[in-house]
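**Q** Whatever this is, show me its structure:
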Amino acid sequence: MVKLKGGPWSHFPMNFTELKIHIGRRVAMARKARGFTQAKLAEALRCEPEWVSQLERGKTPSLDMLWSIATVLQISLTELVGDDVPARPTLSPSRARLHAVASSLPEWQVEWAADVLVSMAAAVREHTEPKLGSLPSIGDGDRDA
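**A** Below is the predicted model:
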């Protein structure tokens, strides 16, 4: 097995098969640490649960999918492929899903969605139904297209 010389990656295997297995284990570890099932992670990633299972057993993910996984699980790519996952506050699966969705929207849509969520939360706190006329319409505000 060939290893990199020196630096923090000196222990890291260069064998591609071992790297895929290592990444799969890291995904499983981070997923479990954040309270996600394979099905919930698959839902957040918009893929099949079987794909997540295969990934955790060594299937090769694309760089785009690695980025999405890191975003949903609130970890860096370095944490995903490295050896150490620093302690950090974890988001509930629902909050992580909200973050993943918000990350994919333009700023004006995030602002609109936040306004809707604030209105709905206030209505829930008051134990009343939201008044649809009080919710912002999608055309309100500036758009940062």
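
**Q** Quick one: name whatever helix or strand follows the helix or strand bottoming out on mean pLDDT in the chain.
**A** Of all helical and strand segments in the chain, the minimum by mean pLDDT, DSSP states H and E falls on helix 93-103, at a mean of 81. Downstream of helix 93-103, the first helix or strand assigned by DSSP states H and E is helix 107-125.

**Q** to the chain's geometric centre, what's the distance from that following helix?
**A** How far helix 107-125 lies from its chain's middle: 21 Å, per C-alpha atoms, centre = their mean, to the nearest Å.

**Q** Residue 65: neighbour count?
**A** 15 (other C-beta atoms under 10 Å). C-betas here are computed from N, CA, C, even on glycine.

**Q** when you give positions from now on, start the count at 811
**A** Shifting the count to begin at 811 puts that one at residue 875.

**Q** I figured it hits residue 854, correct?
**A** No: contact between residue 875 and residue 854 fails when scored by C-beta atoms under 8 Å: they sit 11.9 Å apart.

**Q** Please enumerate residues in contact with the least confident helix or strand of the chain?
**A** Contact partners of helix 903-913, identified using C-beta atoms under 8 Å, 6 or more residues apart in numbering, comprise 844-846, 850, 853-854, 878, 881-884, 901, 920, 923.

**Q** in the protein, which spans are strands?
**A** Taking DSSP state E, the chain contains no strands at all.

**Q** now the helices: where do they sit in it?
**A** 826-843, 848-855, 859-866, 873-882, 887-891, 903-913, 917-935 (DSSP state H).

**Q** out of the contacts of helix 903-913, who's nearest residue 865?
**A** residue 878 (11.4 Å; C-beta to C-beta).

**Q** Quick one: residues contacting the closest residue in space to the closest one that isn't next to it in sequence.
**A** Beyond its immediate neighbours in the sequence, the residue positioned closest to residue 878 (C-beta to C-beta, 6 or more residues apart in numbering) is residue 855, lying 5.6 Å away. Residue 855 is in contact with 862, 875, 878, 879, 882, counting by C-beta under 8 Å, 6+ apart.
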